[in-house]
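Peer 1: sequence and predicted structure, then a few things I'm wondering about:
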Amino acid sequence: MEALTIITLSGVSCQVSGSAEPVPTAGRRESHEEIHVEAGNDVILSCQYLQSAEITALKWYRSDTQDYVFFYQEKRQYERYQNPLFQGRVQLMDPQMRNGNLSIVLSNTSLNDAGTYCCDVGVARRKRADPTETIQVILLKVTLPAAPTDEPTEVGGNNLGLTVGLPIGAVLLVLAVVAVVIVIIRKIHPSITCQHDSL
């Protein structure tokens, strides 16, 4: 019978299948990571198995659900075991899992995707498959996209306000300077008039 161990690091936990003997959490080989993503974007959940052994099973799951985010066994993916929220949105970053790359890409993230993700791997040793072990724990934080500002949008890489405002401001400045010069000239030389004034 398998023992159940909880791995915890700063509030991040995964349930891990192991041998009948309890396994202490200190000194385990799993890696912990925190990732931030803006809702609507894709995110890579990284996992790497560095030992040279045939990977017989790969299980990505979220610690708060019973269903899998991604399930691979017998050299193929099984979507029927996936939680419906993840179907069609998760794929292996490298389908051949070269160099032990077990990372997955989660597409079109939403606020509901926030949580603790665990990467479990099972490998073939000798003539039997070992139970899976957790090698990566990821805390995924999803934020809302930044709210658009009331400022005009950029056109052609330039700010629309600067593109329109600067030329208009320059014209108004020139007109103001001309008006001031005319007023000063009239005060200094009251006899100078424009032709239309004498009509």
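Peer 2: Sure, I can see it.
Peer 1: when you work out contacts or count neighbours from here on, use the C-alpha atoms and nothing else.
Peer 2: Fine.
Peer 1: wait, what's in contact with E34?
Peer 2: Contact criterion C-alpha atoms under 8 Å, 6 or more residues apart in numbering gives 138-141 as the residues in contact with E34.
Peer 1: try 6 Å
Peer 2: Remark: with contacts taken as C-alpha atoms under 6 Å, 6 or more residues apart in numbering, E34 is in contact with 138-139.
Peer 1: which residues does it bridge with?
Peer 2: In this structure, E34 has beta-bridge partners L139, where bridges are defined by DSSP bridges.
Peer 1: that one and E54, how far apart?
Peer 2: The span separating E34 from E54 equals 28 Å under the rule C-alpha to C-alpha, to the nearest Å.
Peer 1: so what's V105 closest to, chain neighbours aside?
Peer 2: For V105, the nearest residue in space outside its immediate sequence neighbours is I44; the separation is 4.5 Å by C-alpha to C-alpha, 6 or more residues apart in numbering.
Peer 1: which helix or strand contains the one you found?
Peer 2: I44 is part of strand 43-45 when elements are defined by DSSP states H and E.
Peer 1: where are the low-confidence patches of this protein?
Peer 2: By pLDDT under 70, the low-scoring segments of the chain are 1-29, 126-130, 150-165, 190-199.
Peer 1: ranges for the helices of it?
Peer 2: For the chain, the helices identified by DSSP state H occupy 160-188, in order along the chain.
Peer 1: picking up where we left off before, may I have the strands that pair with the strand holding I44, each with its orientation?
Peer 2: In the sheet, strand 43-45 lines up against strand 104-106 (antiparallel) (DSSP bridges).
Peer 1: quick one: contacts of the strand it pairs with?
Peer 2: By C-alpha under 6 Å, 6+ apart, the residues outside strand 104-106 that reach it are 42-45, 89-93.
Peer 1: and those residues, which of them are buried?
Peer 2: 42-45, 89-93 (16 or more other C-alpha atoms under 10 Å).
Peer 1: take those and write them to JSON lines, including distance to L172.
Peer 2: Formatted as JSON lines, the buried ones among the contacts of strand 104-106 follow (distance: C-alpha to C-alpha, whole Å):
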{"residue": "D42", "distance to L172": "48"}
{"residue": "V43", "distance to L172": "50"}
{"residue": "I44", "distance to L172": "53"}
{"residue": "L45", "distance to L172": "56"}
{"residue": "R89", "distance to L172": "56"}
{"residue": "V90", "distance to L172": "58"}
{"residue": "Q91", "distance to L172": "59"}
{"residue": "L92", "distance to L172": "60"}
{"residue": "M93", "distance to L172": "58"}
